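**Q** Below is the structure, and that's it, no one-letter string:
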């Protein structure tokens, strides 16, 4: 039997302050990136620094709160792709959508990076959610021998994070990210899968 004490519901005024801080952080990240001063986020939210730190112990936990919804959406998408037997390469589809999100949002890439560093910063939920999503798709891909058996979910996410980070400041970041992902996917595939893909792409003999 668990001895965990249930969390008390947040008071209405505390919830308003929490939401203001998240909204202010989201807007400031879009303007200045995720290194924007926490003091400026508090100022824009109309609260003091002490209130900010009561809600968010550090920068990483605020990042998680701002980008929780995209992570939840990506997790649901992974479940859909893993369950859809008409999709033959769900991992590639999901990674494409992940790098699309990341290359267009410096904050999302930073939030994923913070979660994957596993520093005990209070971002366990993000790390566990994304690793579970990637593992779900990777298990299926390895069973069907479309992805190499020695690849791990952590490696997949680190590669996606690196691609999104590399592309986010480039012209047409979505296209750049997709091109980089295509190169990386070739390295992740089983050799037999690569040969089959190459043969399928060749024009018929005339």
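**A** That came in fine, so what should we check first? In this text the structure is predicted, and so the values were computed from the model without any measurement.
**Q** leaving aside the residues next to it on the chain, what's closest to residue 152?
**A** Spatial nearest neighbour of residue 152, chain neighbours left out: residue 138 (7.7 Å); criterion: Cβ to Cβ, 6 or more residues apart in numbering. Backbone N, C-alpha and C define where each C-beta goes, glycine included.
**Q** Counting neighbours, what do you get for the one you found?
**A** When neighbours are defined as other Cβ atoms under 10 Å, residue 138 has 23 of them.
**Q** just the one 10 residues further on next, same as before
**A** Residues within reach of residue 148, counting by other Cβ under 10 Å, total 14.
**Q** Can you classify it as helix, strand or coil?
**A** coil (DSSP: H, G, I helix; E, B strand; the rest coil).
**Q** show me what contacts the nearest residue to it once chain neighbours are set aside?
**A** Residue nearest to residue 148 in three dimensions, not counting chain neighbours: residue 190, with 5.5 Å by Cβ to Cβ, 6+ apart. Residue 190 sits next to 145-149 when contact means Cβ atoms under 8 Å, 6 or more residues apart in numbering.
**Q** Which two of those have the greatest separation?
**A** The most widely separated members of the contacts of residue 190 are 146 and 149, with 10.9 Å between them, by Cβ to Cβ.
**Q** who has more neighbours, the two?
**A** residue 146 (22 against 9).
**Q** Span of stretch 55-69 from start to end?
**A** The straight-line separation of the ends of stretch 55-69 (Cα to Cα, to the nearest Å) is 18 Å.
**Q** Contacts for that stretch next, please.
**A** 14, 17-18, 21-22, 25-26, 29, 34, 38, 41, 52, 105, 107-108, 110-111, 114-115, 119, 121-123, 125-126.
**Q** could you flag which of those residues are buried?
**A** 17-18, 21-22, 25-26, 29, 34, 38, 41, 52, 105, 107-108, 110-111, 114-115, 121, 123, 126 (16 or more other Cβ atoms under 10 Å).
**Q** does residue 24 belong to a helix or a strand, and which?
**A** Element membership for residue 24 (DSSP states H and E) is helix 12-32.
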